[in-house]
Every structure is written in structure tokens, then in C-alpha cells.
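Chemist: Coordinates only, no sequence provided:
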């Protein structure tokens, strides 16, 4: 009986929350990002000699470096916080579902929507580039490599920014700090600092299936980085669900 | 005697320096119980504590024999309809009920048939497939109540369901609440800041003021307490001096104040009902003519203030 409650409750919450995220007016931001990435990649395709290497570097800079954490921040940090502020969370909090499981419902919805948006952005950018340069098997392989990377990134960044929204009243500030100061600035300082960023471990893992551009030259143990990403995700989910379980919502 | 549905013993809840409930004691039995208090008296805090969305700072709260904080299983027996509007405008009524039911583990044909049942109870079948953003206030209240009923709870908590509704909708919701108890057997706790609205739903009431339960019981008892508290009454007309002289001899008169133009008389009376019974004869005897008579503190707030001092 409890199993059915939790399974149905989890699926219901995931489905409705994902729908809510998709129909929210923020989809305009995602669409603009997709158009921007497409325009930039299409333009560069007409300007550069190299083909697939340039495409890989552009996808790395535009998607992995910039828009993936930004989209995750926009969608993730505000997800539970908005529901608390507009009080639509009441429905979830007064249901018999374990709150820790409800938190996972929000997480799955966020990761799913974020992955879909990133797949859309990446595919549009890729298509605009190779529409100029010509499609081939290597281009398709590159696309699949980046799609797999953004899906993993969606899982990790969702866990990170969702927890911000539960524990902080104004999660956006810490989120901006993480994206622009920690990952972009501290992460680019030569030395071991980059080991403390999600992006670095994501690039190390991605280097095993992306053979072109700067991503392919990132050094490190893919196995260790995969474990680090997995560990970070699980730890963040544990912290978030614990905080949500203990959270009073007046 | 049956166990109380809700039992609060020296229950306190503060939001920083703001008091939600303070040493709150109350037992709520089966049937319909009205929680009456002015805005900010602690009614919503009580509901949030009962549903476990906030935890008490001290004291004991038992809902159907169990503590509600961190006890989600308990919520399968409770339906909660808050005072604020949280319905997603992009969902249809049916989608919303499907969401509510899903969160309670309901699915498939049993959920579909329950949705139909609930829509019939709240008389919203006709509008079930419209987006809720286009609903009227009354329809939204009905749909909120439907959402709280979907899992057929034993206890239904309705926080200010009549607020902001027009008289017609108010009457319909009052009828609905009575129907839910009488025909469907739900125990209901309903709050309002208007006593006579609650009176139309139930005779069992608790008065809350500044985080304390100041009185509870049958409404006739509450009415007696209300009539016992001193009332300020203003009388306006001619020959008020003569009327004042007669009133001075009456036991129920606490104090009198005549305006300089001798047209307005402020009377404080301890037994307002006796005063109102006798005033026609006193006017006749004094030869006064009355143009206006008004009870200044016949509002609930003044009764609460009196009861707290008392």
C-alpha cells in the first residue's frame, strides 16, 4: 500500500512538476538561448576553416561552459523556492508522501526538463553548424557525445541548484557565485582548483567519448571523475531531501 | 466518550518574535467545529500545525491520537483546504484533481471515478475541463474543497472558506459544509472571523484570540459570554437628559456620558439584553424621541478583548 502511494505519488509529482516547468514563461529564455547558440554556430561555420574541431570547441564553450549551468540555475534554484513563495507547495506538503521522496520528484522533473532543454539547445547549435559544413558520421558521433554529456550535466547541476532553493531564501546569489566566480574564475586558475568544480569532472568524463576539440585533450581519470560526479549528486540529493524533510513551510 | 479528533495542550508556536499560538489548549470532537477569531489570531497557525507543515515550539498536539509533525502517513486521513489561493491557473479542474489524487497514491479507474464523485459533490462537473485560471472565486473555493476531499479523508480542515465570497457563494459553501458532514460523514474543522457564518454551519465553536483559545463549547454558551460583556451604546435624539436620569437607576447601567448639546448619550451597560428589553419603555417614560441607537462594540474583536481580560 505504501509502495503504491510512493510510486504513484513520485510519478505524479515528477510529471506535473515537469509540465509546470515546461509551460512556465521561462521557456522563452531557453528558446532565445537555443536561437543564439544556433546563430553563433551557424555564423562560425561560415567563418572558420576547421570543421568538427571548431564545432566541438563551440559546443564546449557555449553549452557546457556557459548555458548548461545558467539554465540549471534559472530552473533549479527557483523551482521549490517559487512553489514555497506562491504556496502551491501546500498540495505536496499535505499529501501522505514522504517529503524526502517528494524532493526526489522535484529533482527528477528538473533533471528531465533541463536535459530536454539542453538537448534542444545542443542539437540546434550542432545542426546550424553542420548545415553549413555538411553532415557526416563523425558529426553525428560528436552530437551524441555532447548529448550524453549534457544529460549527465543536467543530473548533477539539477541536484546542486535544487538544494540551493531549499536551504536558501535567495538561492540565485549563491548560484551566480558558483557559476561565475567558482567555476569560471576559480576553476580556470592553473593548479588543482579546477578539481573542485563540476565542470572539470564532467569534461574529464566527456573526454572518453568526445574525440574532437579541447574536450578531447582534458586529462584525468574518467572513472574517478564519474565517481566524483555520482558522489556529488547523491550527497546533494541527500542534503536536499534532509533539508526538505526538516523544513517548516509557514 | 470518543477520543478528540484534535487535542492541543499548552501548544505554542512562535515565528521569531511573532506569536502564532501561545499556551493553546483545545479539544475538538467529532462533527463540525467552528474556529472563530479575528485575523492574526492563530487560526491558520493551528491548521498548519495540524497538517504538520510547521512544528510546535512547545506543548502537545495530537490529531486522531498522533503527532502530526514528520508524520506523513497521518495526512492520508486529513484533507486541507487553505485560506489562500494556490490553484495552478494552467491546469483544468480535472487535471488538478488528478494531481491531488496521484499525490495520495490514487490512480487509474478508481481515481477517475473518485474525481467524478467529488466533482458531483462540489457541483463542478460542468466546469471540470476548463482551465482554473478562468474560474470565479466561488468556483475556485469549490475546487479547493474538491482537492481536499479527493482521498476521502476522515478529517477535513477548511481555513476561512467563506473569505472573499459573495453572499450567494457563501450560502452555497455553508450548505456544502453541512452536507459533507451529514451525508458523507467527514469530521470538519472550519475557521472564520465571522461568528454568525460559523453559526450557520455548527453549534460547536472555539474562539481564538491572540494565540489562545479564549472560549469553546456550544454556541449558546458563547452567546451568553458575549451578552455578559459590557456594551457601549450610543443613543441620539431629543430629551436625552431625561432618559439618562432614568437609566441611572438601572442596575445594568455601568456609566453614562451626555454630549454638551444633550442630543447624544453614551451608555455602557453590563447586561445589553436587559437594556434592549427596557429601552422602549424608558423612552416612553422620559418623553424622549430616539433618532439613532447603535452598539459600538458589537463586533467580535471587542468580545475577544473582553474575554481575554475576563
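Modeler: On my side now, so go ahead. A quick note: this is a predicted structure, and the numbers were derived from the prediction, not measured. Numbers count the residues shown, from 1 in each chain, chains lettered A, B, ... in the order given.
Chemist: okay, which residue is most central for the chain?
Modeler: All of this refers to chain A. In chain A, the residue lying closest to the centroid (Cα atoms, centre = their mean) is residue A:154, at 2.7 Å.
Chemist: wait, I meant chain B there
Modeler: By Cα atoms, centre = their mean, chain B has its centre lying nearest to residue B:192, at 2.4 Å.
Chemist: close enough to count as contact, that residue and residue B:39?
Modeler: No - the pair residue B:192 / residue B:39 is not scored as a contact, 10.8 Å apart, by Cβ atoms under 8 Å. Just so you know, the C-beta spots here come from the backbone N, C-alpha and C atoms, and that holds for glycine as well.
Chemist: so what's residue 206 up against?
Modeler: All of this refers to chain A. By Cβ atoms under 8 Å, 6 or more residues apart in numbering or on different chains, residue A:206 lies in contact with A:64, A:145, A:146, A:148, A:149, A:152, A:215, A:218.
Chemist: ah, I was thinking of chain B
Modeler: Applying Cβ under 8 Å, 6+ apart, we find residue B:206 in contact with B:26, B:28, B:33, B:34, B:35, B:36, B:213, B:215, B:216.
Chemist: Enumerate the beta-bridge partners assigned to it.
Modeler: Beta-bridge partners recorded for residue B:206 (DSSP bridges): residue B:35, residue B:216.
Chemist: so residue A:107 sits right up against residue A:156, yeah?
Modeler: No - between residue A:107 and residue A:156 there is no contact under Cβ under 8 Å: 11.2 Å.
Chemist: didn't residue B:129 look like it was pressed against residue B:91?
Modeler: No - using Cβ under 8 Å, residue B:129 makes no contact with residue B:91, being 10.8 Å away.
Chemist: what mean pLDDT would you report for the longest helix along chain A?
Modeler: Ordering each helix of chain A by length in residues (DSSP state H) puts helix A:99-133 first. Averaging pLDDT along helix A:99-133 yields 95.
Chemist: The helix or strand following it packs against which elements?
Modeler: Sequence-wise, the next helix or strand downstream of helix A:99-133 (DSSP states H and E) is helix A:137-167. Packing partners of helix A:137-167 (3 or more Cβ pairs under 8 Å, 6 or more residues apart in numbering or on different chains; DSSP states H and E): helix A:52-59, helix A:68-85, helix A:99-133, helix A:171-176, helix A:198-206, helix A:222-246.
Chemist: now for the third one, which elements pack on it?
Modeler: With contacts defined as 3+ Cβ pairs under 8 Å, 6+ apart, the secondary structure elements packing on helix A:99-133 are helix A:2-23, helix A:27-47, helix A:52-59, helix A:68-85, helix A:90-93, helix A:137-167, helix A:222-246.
Chemist: mind giving me CSV with the helices and strands packed on helix A:137-167 and columns for distance to residue A:188?
Modeler: Listed next are the helices and strands packed on helix A:137-167 as CSV, based on distance: least, Cβ to Cβ, whole Å:
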stretch, distance to residue A:188
helix A:52-59, 16
helix A:68-85, 14
helix A:99-133, 22
helix A:171-176, 17
helix A:198-206, 10
helix A:222-246, 18
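Chemist: Nearest to residue B:156, out of those helices?
Modeler: Judged by Cβ to Cβ, the one of the helices and strands packed on helix A:137-167 that comes nearest to residue B:156 is helix A:99-133, at 22.1 Å.
Chemist: So if we follow the domain assignment, how does chain B break up?
Modeler: For chain B, the domain assignment from automatic domain parsing gives the residue ranges B:6-219, B:226-307.
Chemist: Just name the most buried of those domains.
Modeler: domain B:6-219 (a mean of 19; mean count of other Cβ atoms under 10 Å in any protein chain shown).
Chemist: Endpoint to endpoint, that one covers what distance?
Modeler: 19 Å (Cα to Cα, to the nearest Å).
Chemist: What's the mean pLDDT across that domain?
Modeler: Regarding domain B:6-219, the rounded mean pLDDT is 91.
Chemist: what does the stretch 1-150 of chain B put close to chain A?
Modeler: Residues of the stretch 1-150 of chain B lying close to chain A (Cβ under 8 Å from any Cβ of the partner chain) are B:15, B:48, B:51-55, B:70, B:72-76, B:78, B:80, B:82, B:84, B:86, B:88, B:90, B:98-100, B:102-107, B:147.
Chemist: rerun that using 7 Å as the cut-off
Modeler: With Cβ under 7 Å from any Cβ of the partner chain as the criterion, the stretch 1-150 of chain B meets chain A at residues B:15, B:48, B:51, B:53-55, B:72-73, B:75-76, B:80, B:82, B:84, B:86, B:88, B:90, B:99-100, B:102-107.
Chemist: Now, those residues that are in strands?
Modeler: Counted as lying in strands by DSSP state E, out of the residues of the stretch 1-150 of chain B next to chain A, are B:15, B:80.
Chemist: Residue B:205 is in contact with residue B:34, correct?
Modeler: Yes - if you go by Cβ atoms under 7 Å, residue B:34 and residue B:205 touch, sitting 4.1 Å apart.
Chemist: Find residues that contact each of the two.
Modeler: Contact with both residue B:34 and residue B:205 is made by residues residue B:198, according to Cβ atoms under 7 Å, 6 or more residues apart in numbering or on different chains.
Chemist: just for chain A, where's the confidence low?
Modeler: A:1 (pLDDT under 70).
Chemist: tell me which parts of it are close to chain B?
Modeler: Counting by Cβ under 7 Å from any Cβ, chain A comes close to chain B at A:4-5, A:8-9, A:12-13, A:16, A:20, A:23, A:86-88, A:90-99, A:248-250.
Chemist: so what's the backbone phi/psi at residue B:24?
Modeler: phi -80, psi 130 (degrees, to the nearest 10).
Chemist: and if you look at residue B:173?
Modeler: According to degrees, to the nearest 10, residue B:173 has phi -70, psi -40.
Chemist: give me every residue that touches it.
Modeler: B:141, B:161, B:162, B:165.
Chemist: I'd like to know how far the last one sits from residue B:139.
Modeler: As judged by Cβ to Cβ, to the nearest Å, residue B:165 and residue B:139 stand 10 Å apart.
Chemist: ok so, going back, ok, of the residues of chain A next to chain B, which come out buried?
Modeler: For the residues of chain A next to chain B, a burial check counting by 16 or more other Cβ atoms under 10 Å in any protein chain shown picks out A:5, A:8-9, A:12-13, A:16, A:20, A:88, A:90-99.
Chemist: and of the helices and strands packed on helix A:99-133, who's closest to residue A:209?
Modeler: Between the helices and strands packed on helix A:99-133, helix A:137-167 lies closest to residue A:209; by Cβ to Cβ that is 4.6 Å.
Chemist: Just give me how far the closest one sits from the chain centre.
Modeler: Put simply, helix A:137-167 sits 5 Å off its chain's centre (Cα atoms, centre = their mean, to the nearest Å).
Chemist: Give me the angle between it and helix A:99-133.
Modeler: For helix A:137-167 against helix A:99-133, the angle by axes from the mean of the first three to the mean of the last three Cα atoms, to 10 degrees is 150 degrees.
Chemist: Thank you kindly, that will do.
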